[in-house]
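Visitor: A predicted structure for the sequence below; I have some questions about it.
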Amino acid sequence: MVVGLPGTGISGLMYILLSLAMPVREVGLIVTGHPTSWLRWRGIGIHMFNAVGITAVLWAVGAGLTRLAVWVMTHDGVSADAAHAAQVLPKNLVSGPGAHLAMITLLAIVILVEVIALIVAPRRRKTVKSKAVAAA
C-alpha cells in the first residue's frame, strides 16, 4: 500500500473490484429471470464511472510521482542523468509491490471471511432448528 494516497488501500481496491463486477451480477440476475430497471443500471453506471475515475487518477498520480522522483534525482546530484534515474525507478510509483500487497491482503481477507462463514453458518442453522423444535 502507498501511504497517503486515497484509493490505494484495501477498501479502495475492494470498491473498484465490486464496482466493475456489478454489471456482471446484474446480467446474471436478468438471465435468471429477476426484474431490473433503468434506475439500477444508472446506479451501476455511476459506480463504474467512479471506479474508472479513481483508477485513472491513481495512475496519473503514480506517473507524476515517478517524473517528480526522476527530476529530484537528477537535480540533487543523486544520479547524473535522467536515463539512469528512470531505470532505477518503476514506470509508475503507485503500481508494483504496493498494489500487489494490497491485492494479496484483500484476497486473504476474503478467504478468511468465507472460511469463517462456512464454520459459523452451520452452527447458526443448528441453533435455529433446535430452538424451533423446542418451541413446538
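Guide: Great, that's in hand.
Visitor: Summarise which helices and strands the helix or strand that contains Ile46 is packed against.
Guide: For Ile46, the element it lies in under DSSP states H and E is helix 38-75. Packed against helix 38-75, as judged by 3 or more Cβ pairs under 8 Å, 6 or more residues apart in numbering; DSSP states H and E, are the following elements: helix 10-31, helix 82-88. C-beta here means a position set from N, CA and C on the backbone, and glycine is covered the same way.
Visitor: Could you count how many residues lie near the closest residue in space to Met103 that isn't next to it in sequence?
Guide: Take Met103 and drop its neighbours on the chain: the residue closest to it by Cβ to Cβ, 6 or more residues apart in numbering is Leu13, 6.5 Å away. Using other Cβ atoms under 10 Å, Leu13 has 19 neighbouring residues.
Visitor: Low-confidence regions, this protein specifically.
Guide: 1-8, 76-90, 92-97, 123-136 (pLDDT under 70).
Visitor: rerun at 90
Guide: 1-18, 20, 35-36, 54-110, 113-114, 116-136 (pLDDT under 90).
Visitor: want to throw the helices and strands packed on helix 38-75 into a markdown table with distance to Val52?
Guide: A markdown table is the format used below for the helices and strands packed on helix 38-75 (distance: least, Cβ to Cβ, whole Å):
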| stretch | distance to Val52 |
| --- | --- |
| helix 10-31 | 8 |
| helix 82-88 | 28 |
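Visitor: Work out for me the element Pro35 sits within.
Guide: For Pro35, there is no helix or strand it lies in under DSSP H and E.
Visitor: From Met22, how far out is Tyr15?
Guide: With distances taken as Cβ to Cβ, to the nearest Å, Tyr15 is found 11 Å from Met22.
Visitor: for Ile30, same thing?
Guide: Relative to Met22, and taking Cβ to Cβ, Ile30 is found at 13 Å.
Visitor: if you count what's nearby, which of the two comes out ahead?
Guide: Between Ile30 and Met22, Met22 has the larger neighbour count (other Cβ under 10 Å), namely 17 against 11.
Visitor: Cool, thanks, talk later.
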